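Asks: Fold the following for me, if possible:
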Amino acid sequence: MVQLLGELGYPTSKGEMAARFGFIASDAGYCTLIAGVNDQAVRLIGLHKTYMYEKSGIHVRIIALVVRGECRGQGIGRMLIAAAENWAKQQGAGSMSLNSGNRSEREAAHLFSQRLGFTARSTGYTKIIS
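Replies: Numbers count the residues shown, from 1 in each chain. Next comes the predicted model:
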């Protein structure tokens, strides 16, 4: 997971990831699907079941989606999204969303999301609270 999140642009240590994942794994609203080859994680999707203020029903947000660089272009990302949709349906969700950074290196990810039926709808903002 550490290497995959690093490829997404979120470097972390094994200790930090273990602590974070401890919280995530203990919360039934989360689903994490990881697959590996030869004890190396090559793909990951992290999902969170939630409710929204603006509409009724259950919503699933894709929090993390990454396929290791050398494994891209093989349909793995498409399989991850299909698995996410399946989990979302099992949760009774009527919609799914994902965020992707507004960086030039993310353009291929944006096109991938659009090819799979996601629509760009909003701009997100983040504020660090210290």
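Asks: how about residue 124, what does it touch?
Replies: When contacts are counted by Cβ atoms under 8 Å, 6 or more residues apart in numbering, residue 124 touches residue 99. Using the backbone N, CA and C atoms, a C-beta is placed for each residue, glycine as well.
Asks: mind checking how far it is from residue 102?
Replies: Taking Cβ to Cβ, to the nearest Å as the measure, residue 124 falls 9 Å from residue 102.
Asks: so where is the protein shaky, pLDDT-wise?
Replies: Scanning the chain for pLDDT under 70 picks out 101.
Asks: Check it for its longest strand and report it.
Replies: Ordering each strand of the chain by length in residues (DSSP state E) puts strand 40-51 first.
Asks: Quick one: residues in contact with that one.
Replies: 1, 3-5, 24, 29-36, 57-68, 71, 76-77, 80-81, 83-84, 87-88, 91, 93.
Asks: just stretch 99-115 next, same as before
Replies: Applying Cβ under 8 Å, 6+ apart, the contact partners of stretch 99-115 are 9, 77, 98, 120, 124.
Asks: Next, give me the two most distant ones among these.
Replies: Greatest spatial distance in the contacts of stretch 99-115: 77 and 124, 21.0 Å, computed using Cβ to Cβ.
Asks: Show me where this protein has its strands.
Replies: Using DSSP E, strands in the chain cover 30-37, 40-51, 58-67, 93-98.
Asks: Would you format these as JSON lines with distance to residue 129 and mean neighbour count included?
Replies: Output for the strands of the chain, formatted as JSON lines (distance: least, Cβ to Cβ, whole Å; neighbours: other Cβ atoms under 10 Å):
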{"stretch": "strand 30-37", "distance to residue 129": "22", "mean neighbour count": "14"}
{"stretch": "strand 40-51", "distance to residue 129": "20", "mean neighbour count": "18"}
{"stretch": "strand 58-67", "distance to residue 129": "19", "mean neighbour count": "20"}
{"stretch": "strand 93-98", "distance to residue 129": "23", "mean neighbour count": "16"}
